[in-house]
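>>> I'll drop the sequence and a predicted model, then ask my questions.
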Amino acid sequence: MPTPEQALDLILQHAAPLPPRVTALQDCLGLAVAEDLCSRAQVPPFTNSAMDGYAVRAADLATASPEAPVRLRVLGDLAAGGVPLSPVGPGEALRIMTGAPLPDGADSVVPVEDTTRGEGWVEALRPLRRGIHIRHAGEDLHLGQRLVAAGRGLRPGDIGALAAAGLATFSCHPRVRVAVLTTGDELVDVSEEPGPGRIRDANIHALCAQVAACGGIPVPFARIPDDPALLRKMLTLAMEADVLLTTGGISVGDYDHMKGSLEALGGQRIFWKVTQKPGGPLGFWVLGNRPAFGIPGNPVAAMLMFEEYVRPALRQMMGFTRLHRPLAQAALVDGWTGRAGDGRTTFLRVIAQREGDRLTARLTGPQGSAILSSMLLANALAVIPAGIDRIAPGGPVTLHLTEEAEDH
Ligand code: AMP
Ligand code: MG
């Protein structure tokens with residue numbers, strides 16, 4: 001039985017990045033780029049005005065003051081998108097708008113607020129520093145500059161910079177398609193009133209949301225009955241996807257058909273069960289080259305397994321370099337007592353919070369693997385290594401910060 005670290009390692013060995021595709025800029029928010037992206041142009045492309053004002057030669061204004069303004073002849077008007085028709089000579093100015101190209105001869109821009117204007121002339125009331133209020137060609141990005149390293153997920157700010165730099169298309173890893181199968185005779189749809197002995201299918205919604213939240217495309221196969229023939233049929237359909245993710249039926253109960261069904265379809269078992277609580281009976285197979293996860297039906301265990309094992313694998317398949325949530329040390333305010341010597345790592349749902357210069361973690365309440373309310377509150381998981389059976393109140397724990405972007 002692998003430890004959590006060994007299990008994750010085995011999973012990542014079988015979750016190769018999906019082949020990259022040429023992708024249009026407007027489709028790549030959140031995708032990982034498959035190559036280093038370098039600027040295809042200089043930004044800004046030409047030297048231009050940073051203000052609405054007058055393009056001038058700074059030397060002309062050296063003596064300007066409110067008592068003795070310097071008067072310049074105005075050659076005309078230039079809006080953004082226009083091109084200057086003549087250079088600015090000594091004693092001359094061109095009225096210029098923000099973003100318009102700086103005319104030859106001019107070296108500075110006087111903001112309109114610092115001028116008085118008349119018919120065909122303008123007066124400046126003070127000298128100005130040469131080069132002021134000008135944006136130089138290439139001062140933001142130079143041609144060939146590396147903007148985004150391969151393996152980084154694109155954010156809106158990246159996309160703006162890539163657009164300015166002329167990258168209309170480039171190579172990205174696609175979103176991973178994840179078939180999500182929930183199983184159990186007891187399950188009904190969220191919109192139904194559960195009859196006697198039935199419960200609503202929480203996992204189909206929780207897991208599809210987790211897939212979408214990490215950038216994948218969920219393909220739901222909801223509420224498959226505990227019937228091996230039907231299960232095999234649905235698994236076969238689900239093999240259209242890049243990854244299979246099933247919940248329920250993975251334990252040793254009489255109605256637990258997942259293992260047998262996956263293996264009957266040719267699934268190669270990599271492991272079954274991990275030394276952790278909650279959710280020990282995680283199974284992992286390779287089925288026709290695609291990863292197949294069998295995770296327990298208990299909703300909290302299912303979400304936790306997704307967070308710890310499935311999400312890093314999906315991120316690796318989508319080409320991200322950073323697979324793991326940030327780690328942090330915190331003081332476990334409530335303390336914790338477990339069972340000694342069971343050799344299992346324990347994951348506790350906690351609320352992490354900065355208090356002054358330290359990080360604290362408080363249990364969300366009862367930690368049973370069916371207690372979904374613990375997921376409503378948690379923003380981190382506290383990881384208690386195997387072999388530790390007690391943490392004193394305020395004692396140290398390691399957290400996985402599950403609401404923060406992966407950093408390693
Ligand atoms: P299983 O892993 O099939 O043995 O299920 C373990 C527990 O989780 C049982 O109490 C199931 O009723 C419950 N369960 C299984 N699947 C779901 C689901 N999709 N939504 C909510 N609870 C579930
Ligand atoms: Mg079941």
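Alright, I've got the coordinates. All figures in this text were calculated on a predicted structure; none of them were measured in a lab. Ligands and ions are numbered 1, 2, ... in the order given.

>>> longest single strand anywhere in this protein?
If you go by DSSP state E, the chain has its longest strand at strand 345-355.

>>> tilt between the next helix or strand along the chain from it and strand 345-355?
The first helix or strand that comes after strand 345-355 along the chain, using DSSP states H and E, is strand 358-363. With axes from the mean of the first three to the mean of the last three C-alpha atoms, to 10 degrees defining the directions, strand 358-363 sits at 130 degrees from strand 345-355.

>>> Would you mark the buried spots in strand 358-363?
L359, T360, A361, R362, L363 (16 or more other C-beta atoms under 10 Å). For glycine as for every other residue, the C-beta is placed from the backbone atoms N, C-alpha and C.

>>> likewise stretch 144-159?
Those would be L147, V148, A150, G151, R152, G153, L154, D158, I159, for stretch 144-159 by 16+ other C-beta under 10 Å.

>>> which residue packs closest to whichever residue of the chain sits closest to ligand 1, ignoring adjacent ones?
Using C-beta to the nearest ligand atom, G297 is the residue of the chain that sits closest to ligand 1, at 2.4 Å. Nearest non-adjacent residue to G297, counting by C-beta to C-beta, 6 or more residues apart in numbering: G248, 3.4 Å away.

>>> State the number of residues packed around that neighbour.
28 (other C-beta atoms under 10 Å).

>>> any chance you could map the helices in this protein?
With DSSP state H, the ranges of helices along the chain come out as 4-13, 156-164, 203-213, 228-238, 258-264, 299-305, 311-317, 373-377.

>>> How about the fourth one and ligand 2, any contact?
Which is helix 228-238. No - figure legend: helix 228-238 not in contact with ligand 2 (C-beta under 5 Å from the ion); closest approach 11.1 Å.

>>> Report pLDDT for P366.
In this model, P366 is scored at 83, pLDDT.

>>> Pull up the residues of the stretch 151-300 of the chain that are close to ligand 2.
G184, G248, G249, G297.

>>> Of those residues - the most surrounded one?
Using other C-beta under 10 Å as the neighbour test, these are led by G248, with 28 neighbours.

>>> so who does the closest residue to T346 other than its chain neighbours touch?
Nearest non-adjacent residue to T346, counting by C-beta to C-beta, 6+ apart: I384, 4.3 Å away. For I384, the contacting residues are W336, G338, T345, T346, F347, L348, I391, V397, by C-beta atoms under 8 Å, 6 or more residues apart in numbering.

>>> residues contacting the residue lying closest to the fifth one once chain neighbours are set aside?
Translated: F347. Take F347 and drop its neighbours on the chain: the residue closest to it by C-beta to C-beta, 6+ apart is L381, 4.9 Å away. Contacts of L381 were listed using C-beta under 8 Å, 6+ apart, and they are L304, E307, E308, F347, L348, R349, V350, L399, H400, T402.

>>> which stretches of this protein have low pLDDT?
340 (pLDDT under 70).

>>> try 90
Residues of the chain meeting the criterion pLDDT under 90: 251-255, 279-280, 338-342, 365-377.

>>> Residues of it that sit close to ligand 1?
182, 184, 186-187, 199, 201-203, 247-251, 253, 296-299 (C-beta under 6 Å from any ligand atom).

>>> swap the cut-off to 8 Å and go again
182-184, 186-187, 199-204, 206, 223, 226, 247-251, 253, 255-256, 281, 296-299, 301-302, 370 (C-beta under 8 Å from any ligand atom).

>>> which of the residues you listed are buried?
182-184, 186-187, 200-204, 206, 223, 226, 247-251, 256, 281, 296-299, 301-302.

>>> Looking at those residues, which are in strands?
Short answer: these in strands (DSSP E) are T182, T183, L187, R200, R223, T247.

>>> May I have the beta-bridge partners of the first one?
Okay, so that is T182. According to DSSP bridges, the partner residues bridging T182 are T247.

>>> Help me confirm that it comes into contact with P225.
No - using C-beta atoms under 8 Å, T182 is not in contact with P225; the gap is 10.8 Å.

>>> Nearest residue to L287 in space, ignoring adjacent ones along the chain?
L287 sits nearest to G267 (C-beta to C-beta, 6+ apart), 4.1 Å away.

>>> Tell me who's in contact with that neighbour.
Contacts of G267 (C-beta under 8 Å, 6+ apart): W285, V286, L287, A292.

>>> Save these as a markdown table, and put in neighbour count too.
Below are those laid out as a markdown table (neighbours: other C-beta atoms under 10 Å):
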| residue | neighbour count |
| --- | --- |
| W285 | 24 |
| V286 | 17 |
| L287 | 18 |
| A292 | 28 |
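
>>> Next, give me the two most distant ones among those residues.
Largest separation among the contacts of G267 by C-beta to C-beta: V286 and A292, giving 7.0 Å.

>>> In strands, which of the buried residues of stretch 144-159 appear?
L147, V148.

>>> what's the closest of the buried residues of stretch 144-159 to ligand 2?
Nearest to ligand 2 out of the buried residues of stretch 144-159 is G153 (C-beta to the ion; 35.2 Å).

>>> and the gap between the spatially closest residue to the closest one that is not a sequence neighbour and ligand 2?
Closest residue in space to G153, ignoring its immediate chain neighbours: A32 at 5.3 Å, by C-beta to C-beta, 6+ apart. When distance is defined by C-beta to the ion, to the nearest Å, A32 is 35 Å away from ligand 2.

>>> So A32 is in contact with G151, correct?
Yes - between A32 and G151 there is a contact under C-beta under 8 Å: 5.6 Å.

>>> Give me the common contacts of those two.
Common contacts of A32 and G151, defined by C-beta under 8 Å, 6+ apart, comprise G319, F320, T321.

>>> Quick one, which of the residues you listed are buried?
If we count by 16+ other C-beta under 10 Å, those have these buried: G319, F320.

>>> from the ones in strands among the buried ones among the residues of the chain next to ligand 1, which two are the most distant?
Longest distance between any two of these is 14.6 Å, between T183 and R200; criterion C-beta to C-beta.

>>> R290 is in contact with L262, correct?
No - using C-beta under 8 Å as the test, L262 is too far from R290 to be in contact (11.3 Å).

>>> For those two, indicate the residue with more neighbours.
L262 (26 against 22).

>>> Name the nearest residue to the more buried one, ignoring sequence neighbours.
W285 (5.0 Å).

>>> Report the contact partners of that neighbour.
Shown in contact with W285 (C-beta under 8 Å, 6+ apart): L262, E263, G267, Q268, R269, I270, P291, A292, G294.
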